[in-house]
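Trainee: What follows is a protein structure lacking sequence information:
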């Protein structure tokens, strides 16, 4: 989606990049919740991104195709504001937040402010057992209710099979070549202000290692919120709009 400023006289017309999580899309995560309308009310243009394998983006079935998701996000920003355009604000949830971290490390000057939701210690640790369970649940021919022993895997499988999703492509994302694990020192490259927002019932906790590793970060805990409910949390939406100075007038 190309950014269009509703008011050329707006005090702050910095575009806001929105990056959904695994199994979501720009439409299902940000438009249906009304979040894009709130940004429009604040005269903030939106750059909507569908990650490879999601939404309207191509959905290859080869895990190798998903080796660098950050490149697609950076390209979407360049297409919208130009390679030498002013820095943008960006909001990412879960896989989208992980992707924004990689993008901001590659090109820190591209971003003015970042909101990272639904990520925490998983930035630095890889739970291969949980990932394998999720892939098995997605690829299983049986009903996903058979996976009650692993509730997280069952929920991921349900998301993979929602209308409009390609379960094979989503499983391929899970099986993509593992990128080098980040170290806290690696995040020193991200010098812009960052808001980390995580539900108090999210499996990615603790968030402190991530917050402490970022040079300029603040943390908000979303009460009574699990991982999947984060993007629609009123506390998340309010904190994000305030952080971006995008509260509708």
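Mentor: It's in. Just so we're clear, the structure is a prediction, and the values are computed from it rather than from any experiment.
Trainee: Name the helix or strand for the residue nearest the centre of the chain, please.
Mentor: With distances taken as C-alpha atoms, centre = their mean, the residue of the chain nearest its centroid is residue 96 (2.1 Å). Using DSSP states H and E, residue 96 falls within helix 95-106.
Trainee: Okay, buried residues for that helix please.
Mentor: By neighbour count with 16 or more other C-beta atoms under 10 Å, helix 95-106 contains the buried residues 95-104. For glycine as for every other residue, the C-beta is placed from the backbone atoms N, C-alpha and C.
Trainee: name the helices or strands packed onto that helix?
Mentor: In this structure, helix 95-106 packs against strand 16-19, helix 69-81, strand 88-93, strand 111-117, with contacts taken as 3 or more C-beta pairs under 8 Å, 6 or more residues apart in numbering; DSSP states H and E.
Trainee: Please tabulate these in CSV, including the columns mean pLDDT.
Mentor: Shown next, in CSV, are these (pLDDT from 0 to 100):
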stretch, mean pLDDT
strand 16-19, 98
helix 69-81, 97
strand 88-93, 98
strand 111-117, 98
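Trainee: could I get the ones you listed as JSON lines with distance to residue 140?
Mentor: Compiled in JSON lines, those are given as follows (distance: least, C-beta to C-beta, whole Å):
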{"stretch": "strand 16-19", "distance to residue 140": "29"}
{"stretch": "helix 69-81", "distance to residue 140": "25"}
{"stretch": "strand 88-93", "distance to residue 140": "26"}
{"stretch": "strand 111-117", "distance to residue 140": "29"}
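Trainee: buried set for stretch 36-43?
Mentor: In stretch 36-43, counting by 16+ other C-beta under 10 Å, buried: 36, 38-40, 42-43.
Trainee: Show me the shaky parts of this structure.
Mentor: For the chain, the stretches with pLDDT under 70 are 1-11, 141-149.
Trainee: And residue 123, how far from residue 183?
Mentor: 10 Å (C-beta to C-beta, to the nearest Å).
Trainee: scratch that, residue 19 is what I was asking about
Mentor: 23 Å.
Trainee: so how many other residues sit close to the closest residue to residue 104 other than its chain neighbours?
Mentor: Leaving aside its sequence neighbours, residue 104 sits nearest to residue 190 (C-beta to C-beta, 6 or more residues apart in numbering; 4.7 Å). Residue crowding around residue 190 was assessed by other C-beta atoms under 10 Å; the count is 22.
Trainee: so residue 190 sits right up against residue 211, yeah?
Mentor: No. Counting by C-beta atoms under 8 Å, residue 190 stays clear of residue 211, with 11.9 Å between them.
Trainee: does residue 80 really touch residue 47, like I thought?
Mentor: Yes. Counting by C-beta under 8 Å, residue 80 sits close enough to residue 47 to count as a contact (4.7 Å).
Trainee: domains of the protein?
Mentor: 16-126+180-243, 127-177 (automatic domain parsing).
Trainee: three-state assignment of residue 48?
Mentor: Secondary structure for residue 48, judged by DSSP: H, G, I helix; E, B strand; the rest coil, is strand.
Trainee: Go through stretch 188-195 and flag the buried ones.
Mentor: Those buried within stretch 188-195 under the rule 16+ other C-beta under 10 Å are 190, 192-195.
Trainee: Thank you kindly, that will do.
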